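Engineer: any chance you could fold what I've pasted below:
(one chain, ligands or ions: 1)
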Amino acid sequence: MTDKPPRYASWTAGKLPLPELAEMKRRGDKIVMLTAYDAPSGRLADAAGVDLILVGDSSGMVVHGRESTVPVTLDEILFMTQWVTRGAKRPLVIADMPFGSYETSNEQAVANAIRLVKEGGADAVKLERGGTSVARAHAIVEAGVPVMGHVGLTPQTATVLGGFKAQGRTADRAQQLIQDALELQAAGCFAIVLEAVPAAVARAATRALAVPTIGIGAGGDTDGQVLVWHDMLGYYEGHAPRFVKRYAEIGDAIVDALGRYAEEVRSGAFPEAQHTYAMPEEERAAFEGATDSQRSR
Ligand code: KIV
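Structural biologist: I've put the predicted structure just below:
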């Protein structure tokens, strides 16, 4: 693996400064965001030149095998954020605030956001929805923690939305979605994720907002894109939404490798001499002599 990440127009050495994201929007440089959940994936995303890493509560589904993101806990996100920040140095690492960690009060939201930054090493946090989340976002920003908003399909409240469905598909719903995004921006959010919304709505939101939009299933006119690690690498067997593009088939490569390993263990082809420790000849002879005399007693 290369230790020289690719350089491009918006490249800066060291941690990507948060204000650079607004500059990237102004220049028209696309922002690249990806989820990651452990130190190796953080390191690989950094090596590939990714700008933003989201320690997403999607981990509940793609890593921990749950049916939804709802049961994910703050401690789970906290641990994964610690792992990711050990691997990723340049990208800004954003910790997702899981369901139940910010809904109750501004105080609860601030306390939990501070834990993610202080104990997890996150650079910023993300929370879902408009409405009451706007006040939470404002309180967290006031406490000194950068916040990313998330509107459109918000998986934590998918039941209320009628399932994992595209959002903002009527004129009224589209206007409400853009209103929510504007309110989150006014609350101080530095960027807004737009998930599963028609391209025309994402385009209008991107024009209306001064802060960058990061799309997932929102077409090509947002200021950046985000995908889930396991979805884009073919490392997840569950249902993949239509907006996922697979850039690799890592799952197939793993099954192939494991199958060859099993075959070689069973046939005795593994391990070979190169995988085995030797000992000095005289020590081996002394050891085998001692073992023989033990056996003949
Ligand atoms: O949890 C997650 O991975 C997310 C992305 C889909 C934006 O929220």
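Engineer: Met24 contacts Pro212, correct?
Structural biologist: Yes - using Cβ atoms under 8 Å, Met24 is in contact with Pro212, at 6.8 Å. (Each C-beta comes from the backbone N, C-alpha and C, glycine too.)
Engineer: common neighbours of these two, please.
Structural biologist: Residues touching both Met24 and Pro212 by Cβ atoms under 8 Å, 6 or more residues apart in numbering: 31, 223-224.
Engineer: kindly format the C-alpha coordinates of the lengthiest helix in the chain as PDB.
Structural biologist: Ranked by residue count, the top helix of the chain under DSSP state H comes out as helix 250-267. Extracted as PDB, the C-alpha positions of helix 250-267 are listed here (Å, rounded to 0.1, in the frame of the first residue of the first chain):
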ATOM      1  CA  ILE A 250     -14.500  -7.900  -1.400                       C
ATOM      2  CA  GLY A 251     -17.100 -10.500   0.000                       C
ATOM      3  CA  ASP A 252     -16.400 -12.800  -3.000                       C
ATOM      4  CA  ALA A 253     -12.600 -12.300  -2.600                       C
ATOM      5  CA  ILE A 254     -12.900 -13.200   1.100                       C
ATOM      6  CA  VAL A 255     -15.000 -16.400   0.500                       C
ATOM      7  CA  ASP A 256     -12.500 -17.400  -2.100                       C
ATOM      8  CA  ALA A 257      -9.500 -16.900   0.200                       C
ATOM      9  CA  LEU A 258     -11.200 -18.700   3.100                       C
ATOM     10  CA  GLY A 259     -12.200 -21.600   0.900                       C
ATOM     11  CA  ARG A 260      -8.600 -22.000  -0.300                       C
ATOM     12  CA  TYR A 261      -7.400 -21.900   3.300                       C
ATOM     13  CA  ALA A 262      -9.900 -24.600   4.400                       C
ATOM     14  CA  GLU A 263      -8.800 -26.800   1.400                       C
ATOM     15  CA  GLU A 264      -5.100 -26.400   2.200                       C
ATOM     16  CA  VAL A 265      -5.600 -27.100   5.900                       C
ATOM     17  CA  ARG A 266      -7.500 -30.300   5.100                       C
ATOM     18  CA  SER A 267      -5.000 -31.400   2.500                       C
END
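Engineer: straight-line length of stretch 201-216, end to end?
Structural biologist: Criterion Cα to Cα, to the nearest Å; first-to-last residue distance in stretch 201-216 is 13 Å.
Engineer: mind listing what's buried in it?
Structural biologist: 201-206, 209, 211-216 (16 or more other Cβ atoms under 10 Å).
Engineer: do me a favour and average the pLDDT over that stretch.
Structural biologist: Here stretch 201-216 scores 98 as its mean pLDDT.
Engineer: what's next to that stretch, contact-wise?
Structural biologist: 21-22, 24-25, 31, 33, 52, 148, 168, 174, 177-178, 181-182, 185, 189-197, 218-219, 221-227, 243.
Engineer: ok, Ala39 to Ile216 distance?
Structural biologist: 24 Å (Cβ to Cβ, to the nearest Å).
Engineer: thank you, goodbye.
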